[in-house]
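J.: pasting a predicted model and its sequence here:
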Amino acid sequence: MDSRRTQLKDVKKDGITHAGLWLDKFLKTQDSEAKEDNKTLKAKLIDEVTQIPISKEYLQFYERWRKALTQLEDTGLQMSEATVNGRMAVGLGTESVLETGVKLHHTYGVPYIPGSSLKGLAASYARNFLGDAWKKDGEAYTILFGASKDNSKQKNELKEQAGYVNFFDALYIPGTGYNKQALHADVITVHHEKYYQNQNEAPADWDSTNPISFLSATGKYLIALSGPEEWVMAAFKILKNALLELGIGAKTSSGYGRMSLEIPVPKIKKETTSQMPIIEADTSMADSIIASVNSLRPNEIAGSIGSFVEKWRTKLTSTRNKLRVAEFILSKVSPTDKKLKEKSWYKELVSYIETNQEK
């Protein structure tokens with residue numbers, strides 16, 4: 001059965017063809033009975049899409065976009081490039097004439113990573129791998145990512161709050177994909193189709209495989225975040241680890257979506273007449289010191305605790321964090337250990353607490 005409209009039969013691909021429209025509208029035929037033929041035709045359609053060049057309109061749009069972001073750098077915006085380590089599958093589950101989908105820019109038909117996906121990935125990484133301050137109701141998490149009424153800890157104080165950091169859509173950098181193409185044909189092979197379809201059949205070695213063609217992306221993408229510099233840099237560090245360790249998009253368990261992100265160099269701070277109320281970004285460092293000290297055995301405290309005091313002295317900046325770390329370290333010293341109490345670091349911690357605990 002011919003699945004193209006009559007008016008589309010003679011349309012040919014050219015330098016301004018939209019990959020998303022071609023993918024959605026130009027499947028040549030579709031026959032509900034001929035499954036194998038359909039697979040071949042869908043694979044051919046995917047191959048056609050991978051051969052569509054990036055349009056000159058997108059090149060112009062990308063340059064305007066980058067220029068606009070550059071003009072915002074004085075307001076706290078930072079940019080960096082993230083490189084796909086292999087292949088990336090974003091939007092695999094979106095609606096499509098095929099069995100698989102792909103996230104393409106609505107206007108220009110090129111792959112991109114939605115800012116909401118980047119934010120969600122970074123937030124998930126922070127919740128699962130950082131300290132208590134980065135739990136869903138933690139101070140650092142709420143400041144960077146925001147809070148909604150649904151995840152407020154206090155039932156009587158339902159507060160909505162926008163995060164300090166804005167995550168922009170990550171656009172494909174023209175010409176950086178494999179063979180200078182952003183989209184490439186790929187295959188998912190289903191080994192036990194009936195089992196996965198809940199047809200009460202156990203998987204077996206003699207099951208027929210079912211290869212399914214889909215589109216994946218390669219290349220570099222322009223990452224842009226804006227907000228207070230301390231929080232933007234913290235977000236970049238979290239996002240760097242999340243992209244490399246977890247990956248973004250679909251099939252991450254198979255290695256898709258891993259990306260290498262360069263952290264931008266912090267800008268020189270300009271003097272300002274007012275400062276935004278920022279909770280110190282060294283909360284996670286404080287949590288790390290506390291966890292490390294807590295893991296020491298009693299016979300290791302005397303020889304090791306001095307190095308953690310050095311971290312306390314040089315790595316922490318906020319009074320709140322320095323106070324709680326100092327109090328925790330002192331709590332690990334036995335009240336009867338006179339030798340440790342004579343140490344200079346012990347006296348320094350005691351003095352700091354006495355001086356700052358009322359502030």
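T.: Yep, it's here.
J.: endpoints of stretch 166-181, how far apart?
T.: Counting by C-alpha to C-alpha, to the nearest Å, you get 29 Å between the two ends of stretch 166-181.
J.: helices along the stretch 51-200 of the chain, start to end?
T.: Remark: helices assigned in the stretch 51-200 of the chain by DSSP state H, counting those that start in this stretch are 56-71, 115-129, 139-145, 193-196.
J.: buried ones in the first one, by neighbour count?
T.: Of the residues in helix 56-71, those buried under the neighbour-count criterion (16 or more other C-beta atoms under 10 Å) are 58, 61-62, 65, 69. Backbone N, C-alpha and C define where each C-beta goes, glycine included.
J.: switch the residues you listed over to JSON lines; also include pLDDT and distance to residue 337.
T.: Output for the buried residues of helix 56-71, formatted as JSON lines (pLDDT from 0 to 100; distance: C-beta to C-beta, whole Å):
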{"residue": "58", "pLDDT": "89", "distance to residue 337": "68"}
{"residue": "61", "pLDDT": "92", "distance to residue 337": "67"}
{"residue": "62", "pLDDT": "94", "distance to residue 337": "64"}
{"residue": "65", "pLDDT": "93", "distance to residue 337": "62"}
{"residue": "69", "pLDDT": "91", "distance to residue 337": "57"}
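J.: could those be laid out in TSV, adding distance to residue 219?
T.: Shown next, in TSV, are the buried residues of helix 56-71 (distance: C-beta to C-beta, whole Å):
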residue	distance to residue 219
58	13
61	16
62	12
65	16
69	18
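J.: give me the below-cutoff pLDDT ranges for this structure.
T.: For the chain, the stretches flagged by pLDDT under 70 are 1-16, 18-39, 91-101, 149-159, 188-199, 204, 206-210, 267-282, 357-359.
J.: nearest to residue 203, of the helices of the stretch 51-200 of the chain?
T.: helix 193-196 (4.4 Å; C-beta to C-beta).
J.: next SSE downstream of the closest one?
T.: Toward the C-terminal end, the helix or strand that comes next after helix 193-196 (DSSP states H and E) is strand 210-217.
J.: how near is residue 162 to residue 226?
T.: As for residue 162, its distance to residue 226 is 12 Å (criterion: C-beta to C-beta, to the nearest Å).
J.: among the helices of the stretch 51-200 of the chain, which comes closest to residue 338?
T.: helix 139-145 (37.7 Å).
J.: pull out the buried residues from the closest one.
T.: 140-145.
J.: now for that helix, which elements pack on it?
T.: Helices and strands touching helix 139-145, as assessed by 3 or more C-beta pairs under 8 Å, 6 or more residues apart in numbering; DSSP states H and E, comprise helix 115-129, helix 229-245, helix 283-294.
J.: ok, residue 162 and residue 226, which is more surrounded?
T.: residue 226 (21 against 9; other C-beta atoms under 10 Å).
J.: surely that one touches residue 73?
T.: No: Residue 226 lies out of contact with residue 73 (C-beta atoms under 8 Å); the separation is 9.1 Å.
J.: one step back: which of the helices and strands packed on helix 139-145 sits most buried?
T.: Compared across the helices and strands packed on helix 139-145, helix 229-245 shows the largest average neighbour count, a mean of 21 (mean count of other C-beta atoms under 10 Å).
J.: look up the closest residue to residue 78, ignoring the ones flanking it.
T.: Nearest non-adjacent residue to residue 78, counting by C-beta to C-beta, 6 or more residues apart in numbering: residue 264, 4.7 Å away.
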